[in-house]
Structure formats: C-alpha cells, structure tokens
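> would you be able to build a 3D model of this:
(one chain, ligands or ions: 2)
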Amino acid sequence: MAEKKLEVEKKEKVHIFEAWCKRCGICSAFCPTSALSLKKDGLPFLAHPEKCTLCKLCELRCPDFAITVREKEKKERS
Ligand code: SF4
Ligand code: SF4
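Ligands and ions are numbered 1, 2, ... in the order given. Okay, here's the model as predicted:
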C-alpha cells in the first residue's frame, strides 16, 4: 500500500491540466532529460518520473500554463 502511494506521488511530480493543454509538444521537446513523452493524441505525460529533475523548464515553456511541477517531494522528508 505504502509502495503504491509513493509510486503515485512520484508520477505526480508533474501535473498536466488536460483541459488547458493544446497538445503542442513544447514541454516534451524542451525537457532536458526526456522524462516527458507524448501520448498518441499529443497529450504529454511523465513517462520516466525517475529522470525528472524538477527543473521546471516544461512549466516555464508551456504557453498555456497547462503544466505544473511540484516544488519538492515534501512527504519524503518526514
Ligand atoms: S521538470 Fe524538467 S526534467 Fe521534469 S519533466 Fe519538466 S522539463 Fe523535464
Ligand atoms: S507545452 Fe503546454 S500546451 Fe503544449 S503540450 Fe505541453 S502542457 Fe500541453
């Protein structure tokens, strides 16, 4: 159970607001570690959460404010 929760938190390092995303692919193209990939319909997703460094480039580059990156994994510290 705890393992599953951790896995979910890891995937949620990057959150995509699907309703705002216009599937332009900019976030994926600028991700320096290739952690983001695009689904068949063009929606980005965190395909490799372990590669994400929380650099926020995807959030900064998204023209539609559709992607947010968590500041820190606060729960891992407690
Ligand atoms: S925060 Fe940085 S490493 Fe993580 S998905 Fe966005 S661009 Fe890639
Ligand atoms: S940059 Fe923004 S609008 Fe474009 S695919 Fe990524 S999340 Fe969607």
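> so who does the residue nearest in space to the middle of the chain touch?
In the chain, the C-alpha closest to the average C-alpha coordinate belongs to V14, at a distance of 2.6 Å (CA atoms, centre = their mean). The contact partners of V14, by CB atoms under 8 Å, 6 or more residues apart in numbering, come to A35, L36, L46, P49, C52, C58, I67, T68, V69, R70. (C-beta placed from N, C-alpha, C; glycine too.)
> tell me the predicted confidence for it.
If you check V14, the pLDDT there is 95.
> distance of it from F30?
From V14 across to F30, the span is 13 Å (CB to CB, to the nearest Å).
> go on, A19?
Distance, A19 to F30, by CB to CB: 22 Å.
> same drill for the two, tell me which one is more crowded.
A side-by-side neighbour count of A19 and F30, using other CB atoms under 10 Å, places F30 first with 14 against 7.
> so what's L46 up against?
Applying CB under 8 Å, 6+ apart, the residues near L46 are K11, K13, V14, A35, L36, C52.
> just to revisit the earlier point, out of the contacts of V14, which touch ligand 2?
Contacts with ligand 2 within the contacts of V14, as defined by CB under 6 Å from any ligand atom: I67.
> give me the buried subset of the contacts of V14.
A35, L36, L46, C52, C58, I67, V69 (16 or more other CB atoms under 10 Å).
> show me these that map onto strands.
Under the assignment DSSP state E, the buried ones among the contacts of V14 contribute L36, L46, I67, V69 to strands.
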